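# Requesting a structural model of the entry that follows:
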Amino acid sequence: MTDFDDTIDDTADHTVDGITDAAKSVSELINAINVVLHREFRDVWVYGEVGKVSQPSSGHVYFDLVEDNDGDRQVLSVKLWRGVRQRLTPKMQQHDMNIVSGIKVRIRGTPDVYGATGQFGFKMSDIDPRFTLGDLAAQRDEIVARLKKDGLYERNRRTALPLVPLSIGVVTSKGSAAHADFMKTLEESEIGFTVTLCDVRVQGEGAAEQVAAAIALLDAQPHVELVAVIRGGGSRTDLATFDNEMVARAIAACAKPVFTGIGHDVDTSIADEVAFSWNKTPTACAVAIVERVSEFVRQVDGAAQRIATVVLAALANSERRIANAVGRLRTLRTTALEAAKSRIDLMASEISGFDPVVLMRRGWSITYNAEGKVVKSVRQATQGDDLTVRVADGSIRGTVVGTTRSPSNEQKTKEK
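Residues are numbered from 1 along each chain as shown. The predicted structure follows:
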């Protein structure tokens, strides 16, 4: 260790004028340092992870470039001036990237000391997009491999999707275009959805932690049946949150189906890959949910229509059977009545043949003795008996003067 007291030689012949000649002003020292830095480190390449990012209205971008070696954190303050940013924007757009927290970048520039604050920093002049995209791809592959190894890659896709998911938990930034588009689609469906919103950052420092925590929170809500994770479009680096392992594991661990609607049409994030349902945009995500419920409604309507058709057919068939039965009954009734009438007529005809009145009209008569009893045999009458003979149109009174027996009757009497 250097002892600064030892560096001062009290015996040395230093005059005040000599000290004054050796001293530099603050600005002179800073300028001298910058001369050395520009000479020795001009246009040097440096890489690290983007930390905190600030984008004031001036158009400049300020961010920390961080290296963390087992807790030994080194930070370089980077300044991206507006003019340089405008020049680099086409290159970054071509590679679908942006300066956001959490990504690794390799940038070129020159270190310097800013005189107004005495802060050491780095003035950025260029960027290597291939470094960032290559690192993101490598990280993605590693994360996917770990998820598959731990049995989490397809876990959420094996969850049970409710038949009619009407209670939706939404993870997004409140008031964003993604939020508005999602809600508009649900409302226009005129289905009675219930939405529980978790307002989170979807980009930048701390976004992955917030998104993962929101998914776990909604998973713990008993009334939530489905979780939707949505955000609007952006560059690959803007969407880095959804390639974060923490978010992927939260989705995989969710006991409820997770639908993603992350606004990018070409590439899929790890969050998309592990989710139950991947949709290109927040609107498409809402449409998928609406379609699930609408399909159930269509099935119910179809079943109701089929039941109605079967019931109506059964009723029509029953009506036909009843009508046929009534027709048969009417026929049977008519036939039975006619047969009965014929039998009655026959019996009446037969009975009428034995009617004394009818017989008397034919010339028969009935004889009564004085006691009013019918005289059926000559043996019931003797000479001098008073008799009454009834004929069809009246009666005749008379006295028996004699009787004569029929020979046939006498023969029958003898045979007995």
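# which secondary structure elements does the lengthiest helix in the chain contact?
If you go by DSSP state H, the chain has its longest helix at helix 282-352. Under the contact definition 3 or more C-beta pairs under 8 Å, 6 or more residues apart in numbering; DSSP states H and E, helix 282-352 sits against helix 177-188, strand 226-231, strand 258-262, strand 277-279. Any C-beta I mention is one placed from the backbone N, CA and C, and that applies to glycine too.
# Please enumerate the helices of the chain.
16-22, 26-41, 82-94, 129-149, 177-188, 207-219, 245-253, 270-274, 282-352, 356-361, 407-415.
# ok so, going back, just want the angle from the longest helix of the chain to strand 226-231.
Per axes from the mean of the first three to the mean of the last three C-alpha atoms, to 10 degrees, the angle that helix 282-352 makes with strand 226-231 is 150 degrees.
# Pull the distance from helix 282-352 to the chain's centre.
Chain-centre distance of helix 282-352: 38 Å, with C-alpha atoms, centre = their mean, to the nearest Å.
# so that helix versus helix 177-188, what angle?
Orientation note: helix 282-352 sits at an angle of 10 degrees relative to helix 177-188 (the same axes, to 10 degrees).
# Return the angle between stretch directions for helix 282-352 and strand 258-262.
130 degrees.
# For the remainder of this discussion, apply numbering that starts at 45.
Okay, using 45 as the starting number, the last item reads as helix 326-396.
# Please work out how many residues are found near Arg201.
16 (other C-beta atoms under 10 Å).
# who touches it in this structure?
Contacts were defined as C-beta atoms under 8 Å, 6 or more residues apart in numbering; by that measure Arg201 touches 318-320.
# try Ala260
Contacts for Ala260 (C-beta under 8 Å, 6+ apart) come out as 294, 297-298.
# low-scoring stretches of the protein, by residue?
Across the chain, the ranges flagged by pLDDT under 70 are 45-65, 308-311, 345, 347-348, 392-407, 452-460.
# Which member of the contacts of Ala260 is positioned nearest Leu196?
Closest to Leu196 out of the contacts of Ala260 is Ala297 (7.2 Å), distances taken as C-beta to C-beta.
# Hmm, Leu196 and that closest one touching each other?
Yes: Ala297 lies in contact with Leu196 (C-beta atoms under 8 Å); the separation is 7.2 Å.
# Which one (most neighbours) among the contacts of Ala260?
Ala294 (27 neighbours).
# Look up the closest residue to Leu132, ignoring the ones flanking it.
Spatial nearest neighbour of Leu132, excluding adjacent residues (C-beta to C-beta, 6 or more residues apart in numbering): Ile171 at 6.0 Å.
# thinking again about what came up before, export the contacts of Arg201 to JSON lines and append columns for distance to Gly115 and neighbour count.
Shown next, in JSON lines, are these (distance: C-beta to C-beta, whole Å; neighbours: other C-beta atoms under 10 Å):
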{"residue": "Val318", "distance to Gly115": "30", "neighbour count": "28"}
{"residue": "Ala319", "distance to Gly115": "34", "neighbour count": "28"}
{"residue": "Phe320", "distance to Gly115": "38", "neighbour count": "21"}
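# Closest to Ala221 out of these?
Comparing the contacts of Arg201 against Ala221 with C-beta to C-beta picks out Ala319 as the nearest, at 20.8 Å.
# Please look at that closest one and Phe303 and confirm they touch.
Yes: Ala319 is within contact range of Phe303, at 6.6 Å (criterion: C-beta under 8 Å).
# which residues are in contact with both of the two?
Contact criterion C-beta under 8 Å, 6+ apart; residues shared by Ala319 and Phe303: Val273.
# For the closest residue to Val149 other than its chain neighbours, list the residues it contacts.
Among residues not flanking Val149 along the chain, Thr176 sits closest, at 5.2 Å (C-beta to C-beta, 6+ apart). Listed by C-beta under 8 Å, 6+ apart, the contact set of Thr176 reads 139, 141, 147-150, 281.
# Which of those residues ranks first by neighbour count?
That'd be Thr281 among those, by other C-beta under 10 Å, with 25 neighbours.
# For that one, grab phi and psi.
Torsion angles at Thr281 (phi, psi; degrees, to the nearest 10) stand at phi -70, psi -30.
# re the thing from before, closest one to Lys385 out of the contacts of Thr176, please.
The closest of the contacts of Thr176, once distances to Lys385 are taken by C-beta to C-beta, is Thr281, at 104.9 Å.
# measure that closest one to Val97 for me?
Distance of Thr281 to Val97, computed by C-beta to C-beta, to the nearest Å: 11 Å.
# Pull up the overlap in contacts between these two.
Common neighbours of Thr281 and Val97 (C-beta under 8 Å, 6+ apart) are 143-144.
# re earlier: including distance to Leu73, could the contacts of Thr176 go into TSV?
Conversion of the contacts of Thr176 to TSV gives the following (distance: C-beta to C-beta, whole Å):
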residue	distance to Leu73
His139	41
Met141	38
Ile147	36
Lys148	34
Val149	31
Arg150	31
Thr281	39
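# Show only the entries of those found in strands.
Members of the contacts of Thr176 lying in strands (criterion: DSSP state E): 148-150.
# Kindly reformat those residues as a markdown table and extend each row with distance to Asp437.
Shown next, in a markdown table, are the ones in strands among the contacts of Thr176 (distance: C-beta to C-beta, whole Å):
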| residue | distance to Asp437 |
| --- | --- |
| Lys148 | 143 |
| Val149 | 144 |
| Arg150 | 148 |
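# Of these, just say which sits nearest to Ala414.
Lys148 (151.6 Å).
# who touches that closest one in this structure?
Lys148 is in contact with 91-94, 175-176, 179-180, counting by C-beta under 8 Å, 6+ apart.
# Buried by neighbour count, from those residues: which ones?
Buried subset of these (neighbour count, 16 or more other C-beta atoms under 10 Å): 92, 94, 176, 179-180.
# From the ones in strands among the contacts of Thr176, pick the one nearest Ser386.
Nearest to Ser386 among the ones in strands among the contacts of Thr176: Lys148, at 113.0 Å, using C-beta to C-beta.
# beta partners for that closest one?
Glu93 (DSSP bridges).
# Let me see the contact set for the spatially closest residue to Ser321 that is not a sequence neighbour.
Distance criterion C-beta to C-beta, 6+ apart; nearest residue to Ser321, sequence neighbours excluded, is Phe303 at 4.5 Å. With contact taken as C-beta under 8 Å, 6+ apart, Phe303 is in contact with 270-273, 319-321, 323, 329, 332-333.
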